[in-house]
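Q: Need a 3D model of the sequence below.
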Amino acid sequence: MCGRYATVTDPAVLAAEIDALDETGDGSGAPDTHVPRYNVAPTMAVPVVATGRGVRRIRRMRWGLVPTWAPDISGPPLFNARSETAHEKPAFRESFESRRALIPMDGWFEWASRPDKFGRPVNQPYFLAPDEGRLYMAGVWSHWRHPETREGLFSCAILTTASVGELANVHERMPLIVPPERWGRWLDPAEPTGAELLEPAWDQLSRITVTPVSSRVNSVRNDGPQLLERQDITDAQPEPGEQFTLL
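A: This is a model prediction of the structure:
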């Protein structure tokens, strides 16, 4: 699964890279004040690329899909969807067919149980990221409206697939990477989501490095570039007060 990631790149840079309109601002016409996030967790607002009226647009959406038919937003955040079954799951089926998205990230975190120097199991966090640039993950999005006030909420989920190569040593699942040559087809609702669109992006995967990092990433209260620094906690004493919390 993918339950944490980093989104550091300014949306204006992303918009230029992917040929999209940057609509991440507050609607006043003023540019978005981008704050790099090194520890993104479900329910946070994240930049998402989607197609609207035939134009690529980047806007902020809640990470955790709320289906259009949901009575409210109180349910558990649906932040991941299996690419193999999203087309048949009621929560994701409609979005998978007609509202596909690209979710840019600079890398993501996974945890794996490893023995420490005393042989005790510890959860070692890893940061998985390309050696340069960023990745665009396959996603789906929804525009939910409150049944009474009609207030809207844009939300999204990241599609996952089976991990391959070294990544499988960290976690059995990984986000589904969409390479540049598939961006247009993935975002086009008229394009059927055949097996080809769901294949691993081998060129992108070959650039990913796996780095052990500090257990400070376990808490969503922690943020900053120091979370990406190499630290093998299996060879260190536990940091006081650090416990894993997903939300």
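
Q: Please determine how far the spatially closest residue to Glu23 that is not a sequence neighbour is located from His143.
A: Closest residue to Glu23 apart from its sequence neighbours, by Cβ to Cβ, 6 or more residues apart in numbering: Arg59 at 4.6 Å. Where C-beta positions appear, they are placed from N, C-alpha and C, glycine not excepted. Arg59 sits 10 Å away from His143, going by Cβ to Cβ, to the nearest Å.

Q: any common contacting residues for the two?
A: With contacts defined as Cβ atoms under 8 Å, 6 or more residues apart in numbering, the residues adjacent to both Arg59 and His143 are Phe154.

Q: Between those two, which is the more surrounded one?
A: Arg59 (22 against 15; other Cβ atoms under 10 Å).

Q: So Glu64 versus Gly3, what's the distance?
A: Actually, residue 64 is Gly rather than Glu. 11 Å.

Q: residues shared between the contacts of those two?
A: Shared contacts of Gly64 and Gly3, defined by Cβ under 8 Å, 6+ apart, comprise 42, 79.

Q: Between those two, which is the more surrounded one?
A: Comparing Gly64 with Gly3 by other Cβ under 10 Å, the one with more neighbours is Gly64, at 21 against 18.

Q: Which residue, other than its chain neighbours, is closest to that one?
A: With Cβ to Cβ, 6+ apart, the residue lying closest to Gly64 is Pro77, at 2.7 Å.

Q: number of nearby residues for the one you found?
A: Pro77 has 20 neighbours, counted by other Cβ under 10 Å.

Q: Could you check the lowest-mean-pLDDT helix or strand in the chain and say which residues are buried?
A: Between all helices and strands in the chain, the lowest mean by mean pLDDT, DSSP states H and E belongs to helix 202-205, at a mean of 93. Neighbour-count burial for helix 202-205 flags 204-205 (criterion: 16 or more other Cβ atoms under 10 Å).

Q: Show residues contacting it.
A: Contacts for helix 202-205 (Cβ under 8 Å, 6+ apart): 130, 135, 164-165, 167, 177, 179.

Q: so where's the chain shaky on pLDDT?
A: Counting by pLDDT under 70, the ranges of the chain that qualify are 26-32, 236-247.

Q: change it to 90
A: 1-2, 25-34, 52-54, 75, 116-120, 147-151, 192-196, 200, 233-247 (pLDDT under 90).

Q: got the contact list for the helix ranked longest in it?
A: Longest among the helix segments of the chain by residue count, using DSSP state H, is helix 11-18. Helix 11-18 has contacts (Cβ under 8 Å, 6+ apart) with 20-22, 24, 31-32, 34, 47, 49, 56, 58, 102, 104, 134, 136, 183.

Q: tell me which element the spatially most central residue of the chain falls in.
A: In the chain, the residue lying closest to the centroid (Cα atoms, centre = their mean) is Ile158, at 5.3 Å. In the assignment (DSSP states H and E), Ile158 maps to strand 152-162.

Q: cool, and Phe96?
A: Per DSSP H and E: Phe96 is located in helix 93-98.

Q: how about Leu159, what does it touch?
A: With Cβ under 8 Å, 6+ apart, Leu159 has these contacts: 80-83, 86, 137-140, 175-176.

Q: Could I get the full set of strands for this protein?
A: 4-7, 21-22, 37-40, 45-52, 55-63, 80-82, 100-105, 107-115, 121-130, 135-145, 152-162, 173-175, 208-212 (DSSP state E).

Q: The shortest one pairs with which strands, and in what direction?
A: So that's strand 21-22. According to DSSP bridges, strand 21-22 forms sheet pairs with strand 55-63 (parallel).
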